[in-house]
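Q: Sharing a sequence plus its predicted fold:
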2 protein chains.
Amino acid sequence: MPSKEMKISPRATKKEILTAFRTREILAAARTVLAERSPEAMTMEEIAAAAGVAKGTLYLYFQSKDDLIEALITQVGENILRDAESSLKAPGTPADKLIRLVSVLLGYLNRERLLFPIYAREVIRGEGQSRAGFWQRHLEMEERFVSLVTSLFTEGIEAGQFIPANPRLLTFLLRGLIRATGYYQKAEGQADAAKEALPVILTLLSSGLIRRKQSPTEETAL
Amino acid sequence: MPSKEMKISPRATKKEILTAFRTREILAAARTVLAERSPEAMTMEEIAAAAGVAKGTLYLYFQSKDDLIEALITQVGENILRDAESSLKAPGTPADKLIRLVSVLLGYLNRERLLFPIYAREVIRGEGQSRAGFWQRHLEMEERFVSLVTSLFTEGIEAGQFIPANPRLLTFLLRGLIRATGYYQKAEGQADAAKEALPVILTLLSSGLIRRKQSPTEETAL
DNA sequence: TTTTAATGACTCTACGGTCATTAAAATGAG
DNA sequence: CTCATTTTAATGACCGTAGAGTCATTAAAA
């Protein structure tokens, strides 16, 4: 768990406010560093430099590097989850909700550069894995996300609005598309890949990539 | 470039054969380690242990850790590229080729556990990146792959068989689906995710996820 | 004057890489 | 074939370094 989950309550003391403020500043700095490096590759020295403080200062606000990264993952993850959740809560058919969800997630590519490096990094449960606590937290956030989207797919399949398939697999595939867009944006130096990818992904979801024509192959394949 | 690209030619000396054999043994061992760890996270000690030799021995066959990983990436990458290429060279419409390509790539999820950790790791060109040579090689292999698939999409779009869209973006999206399947397999502990995902992905490509019904929303969205 | 926050030089550890030592294999003279 | 000698391969103790984490000292605030 993150060492400081500072809600700035109205009755907070001056000290608490200051601490929360510094904590956030450090996390924001860490985010910019993490946008370019993997969690393992980024150093506390770099983070400190980005935040304009000395390395030791970081340890006044976080117990360890692991703790800091965990806080970061939690922060960003909660944001995404909140937005995803509310886009599914709003009224509409499952298809409507899916489209809203995709838009929201793609939106994060621009607002949160962090989304890409963190959430594009795939982590495996179980054996041989880095025991670092922040990956554990990362898996937790992922699982919450997957559950959420899976419930949408389940709903849509039951309503006959989506093709019948393992909803969990569908969730992974959908996330794959989002991540691919993020990677496209970074790797190709695109300014706003989300804008370009949104219509393509929506078309893909609603009618596929291959045009229905007099070519019989793809209709019968498997 | 890899220090030893040992083709075992008929006229090879005994020594060359032995060296090539050991080199391959080490690479194979490294592959099993890499299936569970990131390249940065795996240690030379681990690789040596997996290969049943001492750490120093590795340096008789490779100049450095970087060199070893680079050889590994090259080896696997060339395999994938060769198969992808031949699946595109065989006769058929672009749609046929696409379907073959997807089958081939999904096949790698079982044959090459390595595919996942290496090729799932997204690397960004340019600034702030690890300068490790093997990532450079990785980007090279990726670029060759992307070019290859992009040419297929270009062909298919010009033939009017695929929806009009940036073919490079489409390539990234397709790869995202493959990677997502790999991740699904590992994260969910599925035995043969490829088998399960193949029909879903093909349906997605040929007619989308959302069923064409009397729901107007998705048909007009964007 | 006291209390608190910030600092950065320092310690400790893990890992990449080296190399003197040792074991094994090749050679070849009798 | 066999044993002494040379050549080659393998080893793991050791070195250097990078980076996480500490803490005595200093600066600022109360």
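A: Happy to help now that I have it. Numbers count the residues shown, from 1 in each chain, chains lettered A, B, ... in the order given.
Q: Please, where are all the helices along chain A?
A: Taking DSSP state H as the criterion, chain A contains helices spanning A:14-34, A:44-51, A:55-61, A:65-89, A:94-111, A:115-120, A:133-158, A:167-187, A:193-207, A:217-220.
Q: For chain A, which helix or strand comes out least confident on mean pLDDT?
A: helix A:217-220 (a mean of 45; mean pLDDT, DSSP states H and E).
Q: For stretch A:77-92, could you pull out the residues that count as buried?
A: Applying a neighbour-count criterion of 16 or more other Cβ atoms under 10 Å in any protein chain shown, one finds A:77, A:80, A:83-84, A:87-88 buried in stretch A:77-92. Bear in mind the C-beta positions are built from the backbone N, C-alpha and C, glycine included.
Q: Sorry, slip of the keys, the one I care about is stretch A:59-72.
A: Neighbour-count burial for stretch A:59-72, counted by 16+ other Cβ under 10 Å, picks out A:61-62, A:65-72.
Q: doesn't residue A:87 make contact with residue A:148?
A: No. Counting by Cβ atoms under 8 Å, residue A:148 does not reach residue A:87; the two are 10.0 Å apart.
Q: Next, count neighbours for residue A:191.
A: 8 (other Cβ atoms under 10 Å in any protein chain shown).
Q: hmm, stretch A:49-58 touching DNA strand D?
A: Yes. Applying Cβ under 7 Å from any atom of the strand, one finds stretch A:49-58 touching DNA strand D at A:55-56.
Q: then that stretch to CSV, C-alphas only?
A: Included here for stretch A:49-58 are C-alpha records, laid out as CSV according to Å, rounded to 0.1, in the frame of the first residue of the first chain:
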residue,chain,number,x,y,z
ALA,A,49,16.3,15.8,-10.3
ALA,A,50,13.0,16.1,-12.1
ALA,A,51,11.3,17.2,-8.9
GLY,A,52,14.0,19.6,-8.2
VAL,A,53,14.9,18.1,-4.8
ALA,A,54,17.7,15.9,-3.5
LYS,A,55,17.5,12.2,-3.5
GLY,A,56,17.2,12.0,0.3
THR,A,57,14.1,14.1,0.2
LEU,A,58,12.2,11.4,-1.7
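Q: can the buried residues of stretch A:77-92 go into TSV with extra columns for pLDDT?
A: Below are those laid out as TSV (pLDDT from 0 to 100):
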residue	pLDDT
A:77	91
A:80	92
A:83	95
A:84	96
A:87	96
A:88	97
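Q: Return the member of those residues nearest to DNA strand C.
A: residue A:77 (26.5 Å; Cβ to the nearest atom of the strand).
Q: That closest one - nearest residue in space that isn't next to it in sequence?
A: Closest residue to residue A:77 apart from its sequence neighbours, by Cβ to Cβ, 6 or more residues apart in numbering or on different chains: residue A:141 at 3.5 Å.
Q: pretty sure the one you found contacts residue A:72?
A: No. Counting by Cβ under 8 Å, residue A:141 stays clear of residue A:72, with 11.2 Å between them.
Q: near DNA strand C, which residues of chain A?
A: Residues of chain A lying near DNA strand C by Cβ under 7 Å from any atom of the strand: A:15, A:18-19, A:22, A:53-57, A:59-60.
Q: Can I have the buried ones of those as a ChimeraX selection?
A: Only the buried entries of those go into this ChimeraX selection, using 16+ other Cβ under 10 Å:
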select /A:19,22,53
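Q: So which of the residues of chain A next to DNA strand C reach chain B?
A: The subset of the residues of chain A next to DNA strand C within reach of chain B, counting by Cβ under 8 Å from any Cβ of the partner chain, is empty.
Q: biggest separation within the residues of chain A next to DNA strand C, which pair?
A: Spanning the widest gap among the residues of chain A next to DNA strand C are A:15 and A:55, at 22.6 Å by Cβ to Cβ.
Q: Report the residue spans of chain A with pLDDT below the cut-off.
A: When residues are selected by pLDDT under 70, those of chain A lie in A:1-12, A:113-131, A:212-222.
Q: Right, and DNA strand C sits closest to which residue of it?
A: Distance from DNA strand C to each residue of chain A (Cβ to the nearest atom of the strand) is smallest for residue A:56, at 1.9 Å.
Q: OK, contacts around that residue?
A: Contacts for residue A:56 were tallied using Cβ atoms under 8 Å, 6 or more residues apart in numbering or on different chains; there are none.
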